[in-house]
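# Provide a 3D model corresponding to the input given below.
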Amino acid sequence: MQTAEPIAKALKLSAIVWNEIYEVGGVYENGEGRRGLTRAEMKGMFPTYTIPEDQVAEDGWYDVSLNKEPRPAGRERANGVFDKLKKQAMEATSDRTIVLVVHGDFIDFLLQSAVGVEGTSRFFPCFNTCISVLDMTAKDTMILFHNSIAHLSEDLVKTHALGKC
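Have a look, this model is predicted:
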């Protein structure tokens, strides 16, 4: 949510919270699940964000029964987000742009869903802050580009970390 904030401000848009979009592994400490931000905390920290009633509970948003989310569960969650995006593309009556601000393993799983790759291995490694663009229609999904870091100056690129996100 913090990462999305400067983007939303620059574009003069209100970010919409999707509680199923978070890094693989979830919210945990020493392997034990934590609830994450409460609805009131989110509203206080991000007053311009749209927080749908069904996305964040008063006592937090993360399902603590998952503890540290296993990779297969993260993959299934990414599949569900891809299906939700695909449904929106199929129902769209005009062109629209949807921006997701997500982390490395989730990006990887989301792109794997787009091209039909199964499993939980890393397939699309990425730099920190990379940009990937998909073009989704009712008929198909194309990855227009992935892992672009053209917005970064050379001194900010850390090649030693590629694929370790």
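
# In contact with the most centrally placed residue in the chain, which residues are there?
Geometric centre of the chain, nearest residue: Val102, 3.0 Å, by Cα atoms, centre = their mean. Listed by Cβ atoms under 8 Å, 6 or more residues apart in numbering, the contact partners of Val102 are Ile21, Tyr22, Glu23, Leu110. Quick note: C-beta positions are derived from backbone N, CA and C, even for glycine.

# Now do it, the pLDDT please.
For Val102, the pLDDT comes out at 93.

# what about Ala40, distance to Ala57?
11 Å (Cβ to Cβ, to the nearest Å).

# For those two, indicate the residue with more neighbours.
Taking other Cβ atoms under 10 Å, Ala40 and Ala57 do not tie; Ala57 has more neighbours (14 against 11).

# Contacts only, for the more buried one.
Neighbour list for Ala57: Thr38, Arg39 [criterion: Cβ under 8 Å, 6+ apart].

# Next, give phi and psi for it.
When quoted as degrees, to the nearest 10, the phi and psi of Ala57 stand at phi -90, psi 170.

# secondary structure class for the residue nearest to the centre of the chain?
coil (DSSP: H, G, I helix; E, B strand; the rest coil).

# out of everything not next to it in sequence, what's closest to Val101?
Nearest non-adjacent residue to Val101, counting by Cβ to Cβ, 6 or more residues apart in numbering: Ala4, 4.0 Å away.

# My read is that the one you found contacts His103, right?
No. Look at Ala4 against His103 with Cβ atoms under 8 Å: they stay out of range, at 11.7 Å.

# So the two - more neighbours on which side?
Shown here are Ala4 and His103; by other Cβ under 10 Å, Ala4 has more neighbours (19 against 16).

# quick one: that one and Ser121, what's the gap?
From Ala4 to Ser121 the distance is 28 Å (Cβ to Cβ).

# returning to that earlier point: could you point out which of the contacts of Val102 is nearest to Lys158?
Using Cβ to Cβ, Glu23 is the member of the contacts of Val102 that lies nearest Lys158, at 18.0 Å.

# In contact with the closest one, which residues?
Val102, His103, Gly104, Asp105, Phe106.

# Bridge partners for the closest residue to Thr38 other than its chain neighbours, pull those for me.
Distances taken as Cβ to Cβ, 6+ apart place Gly60 nearest to Thr38, at 5.3 Å, with adjacent residues excluded. Note on Gly60: beta-bridge partners Ala57, judged by DSSP bridges.
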